[in-house]
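> got a predicted structure plus its sequence, pasted below:
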Amino acid sequence: MEAVQNEKDGATRGESTRGQISIHTENIFPIIKKFLYSDHEIFLRELVSNAVDATQKLRQLASFGEFGGELGDLKVTVSLNEEAKTITVSDNGIGMTADEIKKYINQIAFSGATEFLEKYKDKTDDKGAIIGHFGLGFYSAFMVAEKVEIVTKSYREGANGADQSGARWVCDGSTEFELTPADRAERGTDVILHIAPDSEEFLNKGRLRGILDKYARFLPVSIEFDGEVVNNTTPIWTKAPSDLSDEDYKTFYRELYPMSEEPLFWIHLNVDYPFNLTGILYFPRVKNELRFQREKIQLYSRQVFITDEVKDVVPDFLMMLHGVIDSPDIPLNVSRSFLQADANVKKINGYITRKVADKLSDLFKADRKAFEEKFDDIGLFIKYGALSDEKFWEKAKSFVLLKNTEGTYYTFDEYREQYQVNQTDKNDTLVILYATDRKQQDAYIESARRRGYDVVLFDNVIDPHFINSIEYKLEKTTFKRVDADTLDKLVDKGLNSESVLSEDDRTKLKELFEQVLDSKALTVSVEAQPTDELPVTITQPEFLRRMKDMSTLAGEQSFYGNLPMNYNVVVNANHPLAGKILATESEDTRKALIKQVYDLALLSQNMLSGADLTAFVRRTVETL
Ligand SMILES: Nc1ncnc2c1ncn2[C@@H]1O[C@H](COP(=O)(O)OP(=O)(O)OP(=O)(O)O)[C@@H](O)[C@H]1O
């Protein structure tokens with residue numbers, strides 16, 4: 001209390017105080033053991049990675065001429081003894097002297113790996129070979145073991161005539177350890193875990209094999225378990241693209257995803273500046289499915305599997321790709337919020353986006369026909385990218401395609417070129433007419449085509465969002481669904497069609513329809529349209545309908561999603577039936593006529609169903 005008081009006084013007098021924060025090992029140790037990793041199975045990844053590091057270091061020392069002995073068959077062996085309740089990770093790597101144990105193991109967070117790299121930094125150009133970094137991984141053993149034993153012998157011992165024996169270190173998870181000489185003939189290390197009662201689930205062959213398959217599948221040194229090598233030490237992403245054939249890429253894809261359809265194409269990533277990253281991204285066939293499998297990209301760090309949750313490392317729209325990314329520059333032992341803010345991760349994101357856009361652009365330029373054939377599969381993905389990533393859109397706008405109802409593909413530039421003469425409205429805006437359902441909107445599509453208008457198909461789940469996003473980005477371009485209005489209004493050229501009905505008659509006709517239809521959701525208008533159009537057309541205003549489509553896709557309860565849909569009922573003043581309705585004396589006949597033409601309009605848009613449809617059919621039969 002007094003000390004605090006003094007410090008306070010010092011501070012108030014403007015003097016500064018410096019000191020050393022002290023850590024009590026017995027308090028911090030349990031935290032490291034229990035909370036270092038949320039997933040306990042990670043212990044095996046850490047110990048196997050250490051063993052791999054030990055063999056890689058020896059290989060490097062041999063290459064520098066610092067180790068002249070026999071390297072032998074460098075490998076790591078994981079063994080299980082169910083009776084003794086132990087799991088042992090053995091390697092024939094560099095081993096440790098008793099002094100090294102004191103330095104590397106007894107000092108938590110002192111990494112021998114980092115020290116090794118520092119010492120040989122001028123000699124090695126293969127820094128990527130060493131995995132360790134933080135000097136914490138070894139302690140993850142205590143997440144599952146009540147006692148850990150290390151029996152090791154350094155490559156130096158014996159070789160230089162020094163002490164022949166190895167060293168044995170034992171610790172029961174308290175802050176005390178025991179270090180004694182050990183009789184060990186061979187160079188290398190055994191880490192023996194005496195599994196704690198609450199972790200006996202790991203004393204199981206299948207479980208261990210599963211963990212190794214997950215984390216050690218592509219480690220660069222042979223890993224043996226239960227008499228078998230469980231890994232592929234040279235996965236293709238570590239090789240040069242020029243050394244690989246299409247078949248190699250496809251074979252690797254099958255290795256990663258045994259049950260999947262063949263991928264469409266792939267990108268081999270390879271950067272070493274300003275960050276390190278290798279990998280292969282595959283484009284799967286996704287069709288029209290937005291809720292695709294998202295956890296298909298695997299993240300590795302120096303061939304050690306880290307996670308398949310690549311959310312912050314890969315841009316969101318690229319999450320539907322499959323494959324692997326390997327980068328030692330992605331911080332792994334840190335929290336997610338840190339990952340989001342990490343400058344390397346941001347650069348990686350930007351790099352991947354650029355590579356993917358370039359690849360697509362190359363494919364488009366190299367073989368337009370093949371690109372069009374793939375567009376049904378990659379369109380969803382390109383559009384998702386275009387609307388969620390500005391930089392991607394900048395590139396994608398030259399190869400994203402519009403497909404019309406006749407099956408012809410256009411880029412935006414080509415489309416404008418082809419249709420601007422006929423489809424530019426009085427505001428000098430190109431109107432792109434579209435349909436979302438080829439069958440249901442057939443009547444509208446046909447009407448539009450009769451007038452020489454083109455209609456594109458936007459039937460992908462992403463399209464309502466895509467249209468909405470690019471409408472802002474494209475200049476002087478608007479999108480309207482074919483049933484959003486009458487054709488005169490869809491492409492409004494400012495020309496007024498002549499009406500055969502007088503204004504009074506039009507008002508009367510409107511009132512008659514309003515009386516019969518009697519619904520607040522319907523807005524009736526009477527307009528002069530060509531005589532070959534239907535007597536009544538039902539239209540759905542573009543904005544509200546689009547907002548509703550977008551909220552349906554998002555699956556959320558939104559403001560627009562909850563609004564009732566409003567329909568416009570447009571009566572064609574120039575259709576002979578309009579005159580006939582006005583001239584009909586009998587109220588019943590007139591009502592029946594109105595009902596009939598309205599139902600026909602509903603029918604042509606697949607909106608007539610249930611009791612209304614039954615009544616319509618009965619009424620129609622009676623008039624025949
Ligand atoms: N099997 C082994 N053979 C030789 N040395 C080892 C072995 N296992 C651990 N060591 C030594 O102990 C040190 C500490 O290991 P630890 O796993 O705690 O940290 P690290 O591997 O350096 O970093 P990380 O926390 O990233 O795993 C290592 O750097 C290495 O020098």
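Ah, there it is. Residues are numbered from 1 along each chain as shown.

> hey, let's count contacts and neighbours off CA atoms from now on
Noted.

> buried set for the helix or strand that contains residue 381?
Per DSSP states H and E, residue 381 falls inside helix 368-388. Using 16 or more other C-alpha atoms under 10 Å as the test for burial, helix 368-388 gives 371-372, 375-388.

> okay, now the unreliable bits of the chain?
1-14, 22-29, 31-37, 108-112, 123-135, 157-164, 287-295, 331-341, 553-564 (pLDDT under 70).

> show me the domain layout of it.
2-228, 236-364, 402-490, 503-623 (automatic domain parsing).

> nearest to the ligand, of the ones you listed?
When the domains of the chain are compared by C-alpha to the nearest ligand atom, domain 2-228 sits nearest the ligand, at 2.9 Å.

> so what's the gap between that closest one and the chain middle?
Centre-to-centre, domain 2-228 and its host chain are 34 Å apart (C-alpha atoms, centre = their mean, to the nearest Å).

> also near the ligand: which of the buried residues of helix 368-388, exactly?
Residues of those in contact with the ligand (C-alpha under 6 Å from any ligand atom): none.

> what's the closest of these to residue 194?
residue 381 (49.4 Å; C-alpha to C-alpha).

> ok, the closest one to residue 461 distance?
Distance, residue 381 to residue 461, by C-alpha to C-alpha, to the nearest Å: 11 Å.

> what's the answer for residue 101, then?
According to C-alpha to C-alpha, residue 101 and residue 461 sit 59 Å apart.

> do the same with residue 119
56 Å.

> who has more neighbours, the two?
A count of neighbours by other C-alpha atoms under 10 Å puts residue 461 above the other of residue 119 and residue 461, at 18 against 11.

> could you look up the SS state of the more buried one?
Under DSSP: H, G, I helix; E, B strand; the rest coil, the three-state class of residue 461 is coil.

> separation between it and residue 319?
Distance, residue 461 to residue 319, by C-alpha to C-alpha: 17 Å.

> same check on residue 622?
59 Å.

> the more surrounded of those two?
More neighbours surround residue 319 than the other of residue 622 and residue 319, with 20 against 8 (other C-alpha under 10 Å).

> surely that one is in contact with residue 308?
No. Residue 319 lies out of contact with residue 308 (C-alpha atoms under 8 Å); the separation is 10.4 Å.

> tell me which element the closest residue to residue 509 other than its chain neighbours falls in.
Distances taken as C-alpha to C-alpha, 6 or more residues apart in numbering place residue 582 nearest to residue 509, at 6.7 Å, with adjacent residues excluded. Take DSSP H and E as the rule and residue 582 turns out to sit in helix 576-583.

> what's the first helix or strand after that helix?
helix 587-604.

> tell me which residues of the helix or strand following that next one are tucked away?
Sequence-wise, the next helix or strand downstream of helix 587-604 (DSSP H and E) is helix 610-623. Neighbour-count burial for helix 610-623 flags residue 616 (criterion: 16+ other C-alpha under 10 Å).

> what of stretch 592-612?
Buried, per 16+ other C-alpha under 10 Å, within stretch 592-612: 593-602, 604-605, 608.

> just the CA trace of it, in PDB.
Provided in PDB are the C-alpha atoms of stretch 592-612 (Å, rounded to 0.1, in the frame of the first residue of the first chain):
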ATOM      1  CA  ALA A 592     -68.600 -11.200 -66.500                       C
ATOM      2  CA  LEU A 593     -66.600  -9.700 -69.300                       C
ATOM      3  CA  ILE A 594     -64.400  -7.600 -67.000                       C
ATOM      4  CA  LYS A 595     -63.800 -10.600 -64.800                       C
ATOM      5  CA  GLN A 596     -63.000 -12.700 -67.800                       C
ATOM      6  CA  VAL A 597     -60.400 -10.400 -69.400                       C
ATOM      7  CA  TYR A 598     -58.800  -9.800 -65.900                       C
ATOM      8  CA  ASP A 599     -58.600 -13.600 -65.300                       C
ATOM      9  CA  LEU A 600     -57.000 -14.100 -68.700                       C
ATOM     10  CA  ALA A 601     -54.300 -11.600 -67.800                       C
ATOM     11  CA  LEU A 602     -53.700 -13.400 -64.600                       C
ATOM     12  CA  LEU A 603     -53.600 -16.700 -66.400                       C
ATOM     13  CA  SER A 604     -51.000 -15.500 -68.800                       C
ATOM     14  CA  GLN A 605     -48.700 -14.800 -65.900                       C
ATOM     15  CA  ASN A 606     -49.400 -18.000 -64.000                       C
ATOM     16  CA  MET A 607     -51.100 -16.000 -61.300                       C
ATOM     17  CA  LEU A 608     -54.500 -17.700 -61.500                       C
ATOM     18  CA  SER A 609     -54.900 -20.700 -59.200                       C
ATOM     19  CA  GLY A 610     -57.200 -22.500 -56.800                       C
ATOM     20  CA  ALA A 611     -60.900 -21.500 -56.600                       C
ATOM     21  CA  ASP A 612     -60.300 -18.500 -58.900                       C
END
